[in-house]
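Asks: how would this look folded up:
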Amino acid sequence: MTELTPALRLEGIVKTFPGVRALDGVSFTVLPGEVHALMGENGAGKSTLMKVLGGIYQPDEGKIFIAERETVMISPLEAKAKGVMFIHQELSLAQELSVAENIYLGELPRKSFGRVDWKTLFDRTDAILDKLKVGFNARTRVGDLSIANQQMVEIARALTVDAKAVIFDEPTASLTDAEKVVLFDVIADLKAQGVGIIYISHRMEEIFRMTDRISVLRDGSYRGTLETAKTNEDEITQMMIGRSLDLTRNFEHVQTGDVALRVEDLSCGHLFQNATFEVRQGEVLGFYGLVGAGRTEIAETLFGLRKPTSGRIFLKGKEVRISSPIEAISNGISLVPEDRKAQGLVLGMNCRDNITLPQVSDLRAGPFVAEGAEVAIYDQYRDRLAIKAPSWRAIAGNLSGGNQQKIVIGKWLSMQPEVLIVDEPTRGIDVGSKSEIHNLLRELAKQGYAVIVISSEMPEVLHVSDRIVAMYHGEITREFTAEEVTEDSLIQAISGISGDAA
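Replies: You can find the predicted model right below:
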């Protein structure tokens, strides 16, 4: 690439927490007008490095340069004032405030006597929202927006300043395909303006579509930078985890048992209609479709979070009625939810208590919980699922994404389910942990569980599933075996194209 003055440069950054050297002399450079991917497994140091750059953490050693001028970031506001914007993966919005107030929080335009200039505030915000082509305005209460639209509000913050560098941390995790297109257009505009973009994502297809260069961290150390056009997924994976991964299609022949779950003509209002399918003991049934196709809603109905408007559910041949999660659990259905942090874990609680939470009332010794029984359950699933945590006392929110997901899976396996439903099993998880989760799901099927996997990633659903159900606009359009499915036929099925054309 042409020699340019870097938009930002980090030199020899060291950051240590008690017992952990999170960053070990990392150097990192972003040029103006480039999209630079930062990749690594969960726990590799990416988030820590970006928090140093964003003023959230102070480095123990090392220097930060913006346009080759050394600077110190003492707070996020300081970083923003110097042109560094951080679009967080975790939403950091005030739910009760308007979109405009969130975007300009701490920097509201003022009139005389310190009064807020509401007209200027709303006009500025609406101009930014017009660029993002969103369906809400400056006055909308943030708490009334979907998660995807709240993510767009986070992104809008980057357009309020004369940014030198913008950090995008898993920006598409909550976005629909249409919203991703808008985001990529915004990034292209920022790039054209000479802004340096740092793009953090576990989605390889986005990395190879969007970025100019890729830098890799492993175990807190810098492993190298490659031009995107001159590398491939396998080389990047090798740099990240030190080995290649098997993400080929699943052609494994399985020995299935009896039908564990059968659903007949199940409907839930306008969300999905006339869903009919079955899953057997010892198999993985994949559900694939676009966001809003009804996949998650089927899972939530089976788990008692939604009330069906019609249809029948059979477990091991016996018809059941499920009107609550308690009834679902008692009938042998467990659900690992799509959003593990908001729905699957109590982040401030330790690992043991998270795993035993659904059955804590059964572990009492008099008025107290039997700690020994809880620790025994944790130890069992720690070993079984290869959970990596310092001890059961570790706080779940401090674990990597892959280990958090294993905690949630362990929690529901400890309830001894007949049917395990896993919604987006590897969202926000690095490729190494993703492979572990895939292998775990296959192994659970071999142990006799009936496993349902809902995924937005085609390679994932092809890799883990024995059969695949395709959905479009609330309806099941086709069902495939692993042997017969092709990428083209699957795309046609989730796009509403007649199965006869496949």
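
Asks: what number of residues lie near the closest residue to residue 8 other than its chain neighbours?
Replies: In space, and not counting its chain neighbours, residue 8 is closest to residue 165: 4.8 Å by C-beta to C-beta, 6 or more residues apart in numbering. (C-beta placed from N, C-alpha, C; glycine too.) Number of residues near residue 165 (other C-beta atoms under 10 Å) recorded here: 26.

Asks: any idea how far residue 406 is from residue 165?
Replies: Distance, residue 165 to residue 406, by C-beta to C-beta, to the nearest Å: 34 Å.

Asks: try residue 295
Replies: From residue 295 to residue 406 the distance is 22 Å (C-beta to C-beta).

Asks: same deal with residue 310?
Replies: Counting by C-beta to C-beta, the gap from residue 310 to residue 406 is 37 Å.

Asks: Who has more neighbours out of those two?
Replies: With neighbours defined as other C-beta under 10 Å, residue 310 and residue 406 compare such that residue 406 has more, 28 against 12.

Asks: That one sits in which helix or strand?
Replies: Residue 406 belongs to helix 401-413 when assigned by DSSP states H and E.

Asks: Just the CA trace of that helix, in PDB.
Replies: Extracted as PDB, the C-alpha positions of helix 401-413 are listed here (Å, rounded to 0.1, in the frame of the first residue of the first chain):
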ATOM      1  CA  GLY A 401     -17.900 -16.100  24.600                       C
ATOM      2  CA  GLY A 402     -17.200 -19.800  23.900                       C
ATOM      3  CA  ASN A 403     -17.000 -20.700  27.600                       C
ATOM      4  CA  GLN A 404     -20.100 -18.600  28.400                       C
ATOM      5  CA  GLN A 405     -22.000 -20.600  25.800                       C
ATOM      6  CA  LYS A 406     -20.700 -23.900  27.300                       C
ATOM      7  CA  ILE A 407     -22.000 -22.700  30.700                       C
ATOM      8  CA  VAL A 408     -25.500 -22.100  29.300                       C
ATOM      9  CA  ILE A 409     -25.400 -25.500  27.500                       C
ATOM     10  CA  GLY A 410     -24.300 -27.200  30.700                       C
ATOM     11  CA  LYS A 411     -27.100 -25.500  32.700                       C
ATOM     12  CA  TRP A 412     -29.700 -27.100  30.400                       C
ATOM     13  CA  LEU A 413     -28.000 -30.400  30.000                       C
END
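
Asks: and the closest residue to residue 137 other than its chain neighbours, how many neighbours?
Replies: Setting aside the residues directly before and after it, residue 137 is nearest to residue 126 in space (C-beta to C-beta, 6+ apart), at 5.9 Å. Residue 126: 14 surrounding residues under other C-beta under 10 Å.

Asks: Repeat that for residue 219.
Replies: Residue 219 has 14 nearby residues by other C-beta under 10 Å.

Asks: same check, this time on residue 5
Replies: 11.

Asks: Kindly report the same for residue 63.
Replies: 14.

Asks: in its sheet, what does the strand or helix carrying it sit against?
Replies: When elements are defined using DSSP H and E, residue 63 is found to belong to strand 61-66. Here strand 61-66 has these sheet partners by DSSP bridges: strand 8-17 (antiparallel), strand 69-71 (antiparallel).

Asks: Tell me which residues of whichever helix or strand comes after the shortest one come out buried.
Replies: Just to be clear, that refers to strand 69-71. Using DSSP H and E, the helix or strand that follows strand 69-71 in sequence is helix 76-81. Across helix 76-81, burial judged by 16 or more other C-beta atoms under 10 Å covers 76, 79-80.

Asks: Indicate which one of the strands paired with strand 61-66 is closest to residue 242.
Replies: strand 8-17 (22.4 Å; C-beta to C-beta).

Asks: Which secondary structure state is assigned to residue 426?
Replies: coil (DSSP: H, G, I helix; E, B strand; the rest coil).

Asks: could you list every residue that touches it?
Replies: By C-beta atoms under 8 Å, 6 or more residues apart in numbering, the residues touching residue 426 are 202, 405, 433-434, 437-438, 455, 457, 460.

Asks: I'd say residue 302 and residue 263 touch.
Replies: Yes: using C-beta atoms under 8 Å, residue 302 makes contact with residue 263 at a distance of 7.5 Å.

Asks: Of the two, which one has the most company?
Replies: residue 302 (24 against 19).

Asks: What distance separates the opening and closing residues of stretch 160-178?
Replies: This stretch, stretch 160-178, spans 23 Å end to end (C-alpha to C-alpha, to the nearest Å).

Asks: Pull out the buried residues from that stretch.
Replies: Going by neighbour count (16+ other C-beta under 10 Å), the buried part of stretch 160-178 is 163-176.

Asks: Can you name the two of those residues that sit furthest apart?
Replies: Across the buried residues of stretch 160-178, the longest distance by C-beta to C-beta is 30.0 Å; it joins 164 and 176.

Asks: Skipping its backbone neighbours, what lies nearest residue 481 in space?
Replies: residue 467 (5.5 Å).

Asks: Return the distance of that neighbour relative to residue 454.
Replies: Taking C-beta to C-beta, one finds residue 467 at 14 Å from residue 454.

Asks: Find residues that contact each of these two.
Replies: The contact sets of residue 467 and residue 454 overlap at residue 286 (C-beta under 8 Å, 6+ apart).

Asks: Neighbour count: the two, which is higher?
Replies: More crowded of residue 467 and residue 454, by other C-beta under 10 Å: residue 454, with 25 against 21.

Asks: Residue 480 is in contact with residue 489, correct?
Replies: Yes: with contact defined as C-beta under 8 Å, residue 489 reaches residue 480; the gap is 6.9 Å.

Asks: So these two - more neighbours on which side?
Replies: residue 480 (21 against 17).

Asks: hang on, that one packs against residue 461?
Replies: No: with contacts counted by C-beta under 8 Å, residue 480 stays clear of residue 461, the gap being 10.0 Å.

Asks: so what's in contact with the two at the same time?
Replies: Contact criterion C-beta under 8 Å, 6+ apart; residues shared by residue 480 and residue 461: residue 468.

Asks: quick one: the strands in the stretch 51-200 of the chain?
Replies: For the stretch 51-200 of the chain, the strands defined by DSSP state E, counting those that start in this stretch cover 61-66, 69-71, 84-87, 165-169, 196-200.

Asks: Ignore what I typed, I meant the stretch 351-500 of the chain.
Replies: 364-365, 368-369, 419-423, 450-455, 467-472, 475-481.

Asks: Tell me the spatial nearest neighbour of residue 191, not counting adjacent residues.
Replies: Nearest non-adjacent residue to residue 191 (C-beta to C-beta, 6+ apart): residue 33, at 5.4 Å.
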